[in-house]
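Q: model the structure of this input:
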Amino acid sequence: MSRLVILFSALVILACTIKEKTKATTNSKPSSEAMSQYFKSEKEGLTQSEVLAWNELKINGMSTFTSLTSLNSKFGQPDSIVENYDHCQHLFDDEYELVYRGGLKFHLKNDSIIAESIKLNEGIRLIYNDLLFDKETTLQEFSILFTQAFERREVVDIDDYPYGNNLTLLKFKENMDALDYVICFFFKDGKLFYVARLFPC
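A: Predicted coordinates for the structure are as follows:
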């Protein structure tokens, strides 16, 4: 009987351990060590820590490349839709409109939309593969996970980008070969504030 009790206890402990490990890796921020391993692959002198594919980023589960119908379903009707006059920041090849919704900015062509910028307001969660970003994500976390981007960080003002003054900017390439669009992470007072996909005009 005592052996059965010991065996049963061991199985319970093992099950609890597995459950806790699963809980810790679901909808949570991975450890710095785990993410350092995740971003170590190299190609053509660049590391994955310098690359962030915009089309793989999710805004509260919604793709950055989606439809106006999906946006309305996820976030409700836009605050405004206006004609675009900035022919530098164009995500479509021809004329398009700008869609604004609660700190989110999209480019619209017919029913297709592409996110340009995302303000990390309350309730906005960005997911990239196994990474979770929100308004509580810190510059310190990025300094550990994205060492190369952190080393090249800049301090920018409203004259440089339309998101505010005294912001820390970390830049990422969109893919290994891209030299065009840049994925920008802006930090205010040490916390993630804005994320944008911009064309260096």
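Q: please make it C-alpha for all contacts and neighbour counts, starting now.
A: Will do.
Q: domain assignment for the protein?
A: The domain map for the chain lists 33-53+136-198, 59-118, with the assignment taken from automatic domain parsing.
Q: helix or strand with the lowest mean pLDDT in this protein?
A: strand 42-43 (a mean of 38; mean pLDDT, DSSP states H and E).
Q: lowest average confidence across the domains of the chain, which one?
A: For those, mean pLDDT drops lowest on domain 33-53+136-198, to a mean of 80.
Q: residues contacting the closest residue to residue 184 other than its chain neighbours?
A: Excluding the flanking residues, the one nearest residue 184 by C-alpha to C-alpha, 6 or more residues apart in numbering is residue 171, at 4.7 Å. Contact partners of residue 171, counting by C-alpha atoms under 8 Å, 6 or more residues apart in numbering, are 50, 149, 152, 153, 182, 183, 184, 185.
Q: packing partners of the one helix or strand residue 105 maps to?
A: Residue 105 belongs to strand 104-109 when assigned by DSSP states H and E. Applying 3 or more C-alpha pairs under 8 Å, 6 or more residues apart in numbering; DSSP states H and E, we find strand 104-109 packed against strand 97-101, strand 112-119.
Q: output those in CSV; the columns should cover distance to residue 71 and mean neighbour count.
A: Listed next are those as CSV, based on distance: least, C-alpha to C-alpha, whole Å; neighbours: other C-alpha atoms under 10 Å:
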stretch, distance to residue 71, mean neighbour count
strand 97-101, 9, 19
strand 112-119, 9, 22
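Q: among these, which comes closest to residue 65?
A: Residue 65 sits nearest to strand 112-119 of all these, at 4.6 Å, using C-alpha to C-alpha.
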